[in-house]
Structures are given as C-alpha cells and as structure tokens.
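# generate a structure from the sequence data that follows.
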Amino acid sequence: MAFPVLIWLYSLLQSLLDRLFSPPPPGPGTRQHRRRIAVIGTGLTGIASAAHCVGHGFDVTIFEAEGPELLGGIWARVNSTSGLQIHSLMYRFHPSVTWEDQYPKQGKIVKEIRRLWQRYGLEKRTKFHTKVTKVYKDEQGLWVVNDPSHGQFHGVIPAIGTCGAPYLPELRGQDNFRGEIFHSSELDGKSAQGKKVVVIGGGASAIEALEWAVETGSKHTTVLARSEKWIIPRNLLIDTLLACNIFGYETFWSFIPETLLRLFHYRGLKEISPSSEHGLYTDTPMVDNETFRLIRAGKAAWLRGDITELREKSIVFNHRASGVPKGETGEAKLVDADFIVMATGYERPPLDFLPKEVFQGSYAPPRWYLQVFPTQHPTICANNATYIAGIGSVGNWHIGMYTRLLLVFVLDPSATPSTWWMQRWVDLISTFKILAPTRALDFFTYPELISWFVFIILVNPFRWKWALFILFGWEFPAIDHSQVPSIHQALSALPSFEEVQKKLPSLDQVKQNLPSLEQAKEKLPSLDQAKKLASIDQDKKLPIIEQDDKKLPAFDQDQDEQDTSLPSLDQAGKKAKKQLTSSLKQTKKLSNGIANGITNGTANGHANGNGEVHVNGSQHD
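Sure thing, here's the model as predicted:
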C-alpha cells in the first residue's frame, strides 16, 4: 500500500513543478518578442532549450544534422536497456517532464523528449538533415547559420552535447582476436549466454555493459578500467548530500564522505576503491549499487590497468595497483575473453562551426563565462556542450537558467556583460579555485553552479528585475530594452570630430555672409536724424489717473470703524466713473496733439498737460 502512495506523491510533486515553472506552450495569447533564436541539435538539451524559448515568446529554428529517427540525441543511439543512473527527480530536463519510474529506461526517456518537442510545437520549427558548418555575424551584427537563406538570429544555442559518434580505439593485436567485438551502444539483440565477457572501459557505459552481460547469462564478466573513478550509491538523499559541496572542488573536508564511502559502499573491495590522490570531487562519479553486489557474488571482476595486446582468446593486461599512475608497470595478467564490449564512450562533438576567436587565447572552452558563454559573444550559449565533469548537474535546473539568461542578454543590453567583465568572472573563479586539483571550470557541483547565477545577478543592478525570470522562469511585464542602445552603442552613434568639422561653414563662407562696410553704413541713421531723436524732451510724463488720497483703515482697526470709513458702493462707482471720463478726455487731447505734431513733420516738440503740443516754439491746438 505504501508503494502506490509514494508513486502518487511523486506524480503530484511533478505536476506541481510543472504548474509552477513551465512556460505555457505557444498560443494566441503568447507575448511575442520578435526575436529569433537558433538551436543546434535535437538532443535532450536542444529540445528543452527550444521549449523554454518558444514558451517565453521567442521564435526558434532548430537545426539537426540527422533525421527525425534520431530525435533525442545520444538517448536515441544507446541500447534499449540503458537508463538513468541518478534518480529521475534530478533528471527533469524541463519543468513539464513527468516520470513514472525512479530510474526510467531509454525508451521512456526518448518518449518524454518527443512529447516535449510536440507540446511546444517544435515540429514545424525543426530542420532535419541540416548540418551546421558555420555561424557568423553579418553587417547588422546578427547571427547567420550556414548562409543567409535561414534568416538572421539574435541568439544561438549550440546544444550538441558531449557525446557524438561511438569512440572505437584500435587495439594492438585486434586482428588476431577470434571472438566478437561490439561497442557498448550496439548490444540490442546480442547475447552473452555462456561467454567470457570482457568490458573495456571504466565509465557509466561499462557498468551498463557489465549488468547486461550478467543478465544475458555470461559465464563470467571482467571490467578492465584504465582510470580510478568513484562509484557512489544509487540513493537520492546520499547523492544530494554529496553534491552539496558549494566550493566545487576537493577540499580538506572531502575526506569525510570519501572515508564513509570506503567503509560502507566499498566494504571488502579496498583494492578497487580510488586512492587518496583521486578525490571524489575531481571527476564525475558513477552511480550504481548492482556492480559491487555482482563482484562480491563472484559473477564479475573489476581490474585497473592497461591493455597490452589482444590474442585469439585472451587479452594481455598490465594490472596496476591502487594509486599507480596510468602507463606505469604493474602485474602482467592474461584475461580470457571470447566477447569484448568496447565501453570506450563517444567522441566529443566539435564546436568548430563557431567563430574562431572563441577558441583562441586563455579564454577557450570551458574557460567561458559561466562555462557556456564565449567571452567575446554573450549571445552564444553552448548549453551542456562544454561540460567536463561534475556531481548532480545532469539537466535538472540549469538548462532553463542558461537559456533564460541568454534571452535576457538578447532583450536587455544593459544586463549584458562586456568581454572585459566576462573574462574577469573567469579569472575570479580560477583564483577562488586555485587549490583545486583540476582546472577551475573542469569540475563543478550543482550548488556551486547555482551560486554562479546568484552572484552574477547580484553584482549587476540591471539584472535585478530579471532575477525571478532567470532563476525560475517567472515572467513579469518588463520593458523591451532591445531598442534602447547601450552606452557603447550610444557613444559609437555620435559623429566624430572630423564629421562635425565638415558640417561647420568655413571661414570664407562666414565672411561672405557678413554685410559689407557700405551696407552697414546705409542701415545706420544719419547724424541729423540721430540729433533730432536725442533732443526729445523726456522731462514731462504722460498724465495718469488721479489716485484717491483716502486710505483703507488698518487691519487691526475695529470692524465698525472700517465700515464707516469705507465709501458706499454707489459713491465708489460714481467717483470711478468721473475719474475715467476725465482721463479719457485728457488722452484724446494728447493723441490729437501728437498727431498734429507728426503731421507737421516735426519730432522736436513736447506735450503739455492740457493736451497741447509745442513744435519749435509755436503752439498748435
């Protein structure tokens, strides 16, 4: 009864996460930003990134070199028996993903990727059989993929992953071997019944091949691994606790989880436990419980060393003890084999279609901004394509955060970092992790990754308004800053000194527009005219309306006194009418006198108070 209840609770939790964090599929009400994003690859990361873009109103075009049968990336190429090593709750590559099992197999994973592809209408946005060979900027500063026929893009997400074609190294004496050799991705339909199986490799695919061989009835299975890698329990709580190293590298305190793992998980298997020189936080650990059980049961063996050569029915092997480096001499062993599984992984897909400058100098991948943004081009986000190693960092939350941060850089130039600032971030992380046994960005933990995002949001006030959008996908109405130029763009738009100088008139042009001395003299009044104007008598002023000598009582006088001192309304009206009539008569006489003076051509007169104008000593009425 408890098991169905747990399944129901798990489904309820996933449904809640979907409602809280999934952007709505595109529809009539979706806000369109009129920005285009190019996504390269139809793997798990590519489809999830495209779904985030479309859900937030961006136009997307997906480029895929293969056909629709390989939708799903590496998961479409592996065996049907392959599945998740970590708990599915840590592998929710998009908020809308819903798992029925804790550790789903390949078929269900591909089905979930395809469901996401269909839910967000990505079928019509995907161009299959279109290999990307070149990404460059045009004259307008927009991205072009291959050629202009695909249009222009404001951002590019090269989501090509880390697993390409199967890697099959040539082994010495391989032609002499009389048994079967297959890559670990080619085991569907094969059987190891009654055979001595040797698995070459020591990663996740080696563990899967080991379990496959035992399940299909192998007589005995031996794993030949070159490197020392940690195997941690398949337990959600333990895996989460081990990932909670916010420093992101091997520290003094790392001996605590390592000691506990040796005591309990590696009990009785000290010879295959990693040495102290290979700490837990130096490489991606494998997650499995079955391997150690099979080894203890005698059905399998795990040897560390180097392959010397292949013979008809065996492999010559240099068995190295724990702590002995690769290539050093160990104990020679002959391992019987009639079925070899090459669990040698996959070739890393190249990013060589990107601009050449992103690979030059000391800021080549993975030494990029937040590991995925080239320091020269913040509108390129190589989501999950530059990953080297880590713990708890498989597509759980960061795919959405990286994608949304790219969208912010496309929309808001004020929130976009310059090359100088991106390089300073890389330098800061390198300095902080200077004691790490690996390069700073070669290994990180999930809490460290989250701290990167929190840090880059806090240090730039222009990103504060985007914080909830970047971290959780919660979109609030915001101004589209894409049309607002940055400081650098504004400065570059200003005309240069030479351009301003060209627009200014020359000295000769200024001289030509100036009037000549003769023209200036003609506009000046003559000496006689100036004398006449200066001789006008300004002593007498125009009459004004007489003012009443009576004053209003002071404010502090008694109210009764004020009432008696003020004239009545009729008295005030009659007095004002009388004064106005007198003023109008005086003004009329004055106007007539001035007009008569002007008519007689004399400007050397003056008006008296009776409206008379005296001109050259004569009086005119």
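# I62 is in what secondary structure piece?
If you go by DSSP states H and E, I62 is part of strand 59-63.
# just checking, next helix/strand downstream of that strand?
Taking DSSP H and E as the definition, the helix or strand that follows strand 59-63 towards the C-terminus is helix 106-119.
# now do that next one against strand 59-63, angle only.
When axes from the mean of the first three to the mean of the last three CA atoms, to 10 degrees is applied, the directions of helix 106-119 and strand 59-63 differ by 140 degrees.
# give the buried residues for helix 106-119.
The neighbour-count criterion (16 or more other CB atoms under 10 Å) identifies Q106, K108, I109, V110, E112, I113, R114, L116, W117, R119 as the buried residues of helix 106-119. Where you see a C-beta, it was placed from the backbone N, CA and C, and this is true even at glycine.
# got it, and stretch 257-276?
Neighbour counts over stretch 257-276 (16+ other CB under 10 Å) mark P257, E258, L261, H265, Y266, I272, S273, P274 as buried.
# what is the nearest of these to D508?
Looking at those and their distance to D508, the nearest is P257, at 84.9 Å (CB to CB).
# what about the closest one, which SS state?
Remark: P257 carries the secondary structure label helix [criterion: DSSP: H, G, I helix; E, B strand; the rest coil].
# residues contacting it?
Each residue near P257 by CB atoms under 8 Å, 6 or more residues apart in numbering is listed here: L241, L242, L280.
# I'd guess V316 is in a helix, am I close?
No: counting by three-state DSSP, one finds V316 to be strand, located in no helix.
# for it, name its beta-bridge partners.
E309, L334 (DSSP bridges).
# in terms of pLDDT, where does it sit?
If you check V316, the pLDDT there is 97.
# what do you get for L71?
Each residue has a pLDDT score; the one for L71 is 98.
# dihedrals phi and psi, it?
When read as degrees, to the nearest 10, the backbone of L71 gives phi -60, psi 120.
# tell me the spacing between it and C381.
Taking CB to CB, to the nearest Å as the measure, L71 and C381 are separated by 21 Å.
# circling back to that earlier point, contacts for the strand holding I62, please.
Under the contact criterion CB under 8 Å, 6+ apart, strand 59-63 has outside partners 32, 34-42, 46-47, 50, 53-54, 122, 125-127, 130-132, 145, 150-151, 153.
# pLDDT below threshold where in the stretch 1-150 of the chain?
When the per-residue scores of the stretch 1-150 of the chain are filtered using pLDDT under 70, the ranges that remain are 1-3, 29-31.
# skipping its backbone neighbours, what lies nearest I231 in space?
Leaving aside its chain neighbours, I231 sits nearest to M286 (4.8 Å; criterion: CB to CB, 6 or more residues apart in numbering).
# same thing with P365?
What sits nearest to P365 in space, not counting adjacent residues and going by CB to CB, 6+ apart, is T386, at 4.3 Å.
# contacts only, for that neighbour.
When the contact criterion is CB under 8 Å, 6+ apart, the partners of T386 are L351, P365, P366, W368, Q371, V372.
# so what pLDDT did it get?
96.
# name the SS class of it, please.
coil.
# from F444, how far out is it?
From T386 over to F444 the distance is 11 Å, taken as CB to CB.
# do the same with Q85
With the distance defined as CB to CB, Q85 ends up 19 Å from F444.
# show me which of those two is the more surrounded one.
Shown here are Q85 and F444; by other CB atoms under 10 Å, F444 has more neighbours (29 against 19).
# which residue packs closest to the more buried one, ignoring adjacent ones?
Nearest in space to F444, with sequence neighbours left out and distances taken as CB to CB, 6+ apart, is G248 at 4.4 Å.
# please apply the same query to C381.
Nearest in space to C381, with sequence neighbours left out and distances taken as CB to CB, 6+ apart, is L406 at 4.1 Å.
# the one you found and H154 touch, don't they?
No: with contact defined as CB atoms under 8 Å, L406 does not count as touching H154 (9.5 Å).
# what is in contact with these two at once?
With contacts defined as CB under 8 Å, 6+ apart, the residues shared by L406 and H154 are I37, T379.
# so these two - more neighbours on which side?
When L406 and H154 are compared on other CB under 10 Å, the one with more neighbours turns out to be L406, at 26 against 22.
# show me what the helix or strand that the more buried one is a member of is packed up against.
Take DSSP H and E as the rule and L406 turns out to sit in helix 398-411. Where contact means 3 or more CB pairs under 8 Å, 6 or more residues apart in numbering; DSSP states H and E, helix 398-411 is packed against strand 36-40, helix 44-55, strand 155-158, helix 446-458, helix 467-472.
# ok, which of the ones you listed comes nearest L16?
The closest of the helices and strands packed on helix 398-411 to L16 is helix 467-472. By CB to CB, the value is 13.3 Å.
# report the buried residues of that closest one.
Within helix 467-472, the residues that count as buried by 16+ other CB under 10 Å are F469, I470, L471.
# A382: neighbour count?
Burial of A382, expressed as a neighbour count using other CB under 10 Å, amounts to 25.
# roughly how far apart are it and K124?
Counting by CB to CB - A382 and K124 are separated by 25 Å.
# then V410?
Separation of V410 from K124 (CB to CB): 22 Å.
# more neighbours: the two, which one.
Taking V410 and K124 together and counting by other CB under 10 Å, V410 has the greater number of neighbours (23 against 5).
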